[in-house]
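# When you get a sec, could you give me coordinates for this:
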Amino acid sequence: VTEDERAAELQKTKTIPPVNRLTVDMVELEALRKSVEDFFCFCYGKALGKSTVVPVPYEKIQRDQSAVVVQGLPEGLAFKHPANYDVSTLKWILENKSGISFIIKRPFLEPKKHLG
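Prediction:
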């Protein structure tokens, strides 16, 4: 192994950590988003009286914000899809799960699906 090869190898190892750190941050962010989304689905299901998770109809809630009330979010924080929250907000939601609940004022009616 020549001195140049050793220097080139050392240079490669120096540039890896920031890239890995960014990847770890993205993986952590996605994991946090998934956890919050799962938690919101659990809360929504619970508000509907079900013991299972129910996908949250984010678009419908955005269009008709009085239909579903989300209690326990920080003052001034709007309820939205977890993909729209930053890391600190996602962590806050997960750390304060016990104080967050959904109240359904008006259920969204699903269109009837025809069989056959």
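# tell me the centre residue of the chain?
In the chain, the centroid-proximal residue (C-alpha atoms, centre = their mean) is R33; its distance is 2.4 Å.
# just checking, that one is part of a helix?
Yes - counting by DSSP: H, G, I helix; E, B strand; the rest coil, R33 is found in a helix.
# just so I have it, where are all the helices in this structure?
Remark: helices assigned in the chain by DSSP state H are 3-47, 58-63, 87-95.
# Does the residue nearest to the centre of the chain touch D86 like I think?
No - R33 lies out of contact with D86 (C-beta atoms under 8 Å); the separation is 10.4 Å. C-beta here means a position set from N, CA and C on the backbone, and glycine is covered the same way.
# Pull out the buried positions in stretch 50-57.
53, 56 (16 or more other C-beta atoms under 10 Å).
# Equivalent analysis for stretch 90-107, please.
Residues of stretch 90-107 classed as buried by neighbour count (16+ other C-beta under 10 Å): 90, 93, 100, 102.
# Now pLDDT and distance to R63 too, for those residues, in JSON lines please.
Output for the buried residues of stretch 90-107, formatted as JSON lines (pLDDT from 0 to 100; distance: C-beta to C-beta, whole Å):
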{"residue": "L90", "pLDDT": "97", "distance to R63": "24"}
{"residue": "I93", "pLDDT": "97", "distance to R63": "22"}
{"residue": "I100", "pLDDT": "97", "distance to R63": "22"}
{"residue": "F102", "pLDDT": "97", "distance to R63": "17"}
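# which one of these is nearest G76?
Of all the buried residues of stretch 90-107, I93 has the smallest distance to G76: 14.2 Å, by C-beta to C-beta.
# Which residue comes closest to that closest one once chain neighbours are left out?
Computed as C-beta to C-beta, 6 or more residues apart in numbering, the closest residue to I93 that is not its neighbour in sequence is V36, at 5.2 Å.
# So that neighbour is in contact with K91, correct?
No - if you go by C-beta under 8 Å, V36 and K91 don't touch, sitting 9.2 Å apart.
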